[in-house]
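Engineer: Kindly return the folded structure for what I paste below:
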Amino acid sequence: MFASKLAAAFVVFAAAVSAVSAAPTVFTEPKTEIVYRPHITSPKAGDVWPVGTTQTVTWDTSDIPDDAKNQTGLILLGYLEDGDTDEHLGVDHPLASNFPITAGSVEVTVPDVKPRDDYVAILFGDSGNASPKFTITNSSLPGLSGSASASVPSLPSITVPVSSASVPSILPSVSPSVPVVSSPSVSASAAVAA
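Structural biologist: This next block holds a predicted model:
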């Protein structure tokens, strides 16, 4: 009985081998995969992006293969710690997505992330390319490098004339004119009676 089951299994196996070897072999030309890795031109090494500002990520479009011109892009924020190969990509929160890879630039809003100086922007066409390391800060002070669009307005000052009779005697060193600073949204006009 065991011999008959073994013989039946062998017959099935032989039939399968014969069917596979009898099938015609079809050779096709190998498909060429287009891998496009756009070179990021901004952010640059040392740029500073304050949280909440609008920044522009740019890349070189001069060498896009024809087969890649209809692709859409994706930009992720990541960071590179020294000695680590993990890019710590924020895949759940892309900076930008579904834009034409031929555009060459896209505006992004800097997310509220931990300040650090080893962030990278990763641009995916069909393969990723990382920017140089740059900094994200919680500061929006003017004078930072990068293309931050934050500024602090200067406040105008006005001088209100004050007669010496209205200056209390406990402050003998106060001059007759006292400068008053107002914000741009407050209109100040004052007259002090002598």
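
Engineer: Contact partners for G128?
Structural biologist: G128 makes contacts with R37, L76, I122, as judged by Cβ atoms under 8 Å, 6 or more residues apart in numbering. For every residue, glycine as well, the C-beta is placed using N, CA and C.

Engineer: now the residues you listed in TSV, with pLDDT, distance to F134 and neighbour count?
Structural biologist: Formatted as TSV, the entries for these read as follows, by pLDDT from 0 to 100; distance: Cβ to Cβ, whole Å; neighbours: other Cβ atoms under 10 Å:
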residue	pLDDT	distance to F134	neighbour count
R37	78	19	15
L76	95	14	22
I122	94	12	21
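
Engineer: Output those in JSON lines, with distance to D84 and secondary structure appended to each entry.
Structural biologist: Written out in JSON lines, the entries for the contacts of G128 read as follows (distance: Cβ to Cβ, whole Å; DSSP: H, G, I helix; E, B strand; the rest coil):
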{"residue": "R37", "distance to D84": "21", "secondary structure": "coil"}
{"residue": "L76", "distance to D84": "17", "secondary structure": "strand"}
{"residue": "I122", "distance to D84": "15", "secondary structure": "strand"}
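
Engineer: So which of the residues you listed is the closest to S62?
Structural biologist: Nearest to S62, judged by Cβ to Cβ, of the contacts of G128 is R37 at 13.3 Å.

Engineer: In this structure that closest one contacts N129, no?
Structural biologist: Yes - R37 is within contact range of N129, at 4.5 Å (criterion: Cβ atoms under 8 Å).

Engineer: quick one, strands of the chain?
Structural biologist: 40-42, 48-50, 54-59, 72-79, 96-100, 105-109, 116-124, 128-130, 134-137, 157-161, 177-181 (DSSP state E).

Engineer: For L89, which of these is the nearest?
Structural biologist: strand 72-79 (4.2 Å).

Engineer: Neighbouring strands of that closest one in the sheet, and parallel or not?
Structural biologist: Neighbouring strands of strand 72-79 in its sheet, by DSSP bridges, are strand 96-100 (antiparallel), strand 116-124 (antiparallel).

Engineer: rewinding a little: closest to P94 out of the contacts of G128?
Structural biologist: Relative to P94, and with distances defined as Cβ to Cβ, the nearest of those is L76, at 5.5 Å.
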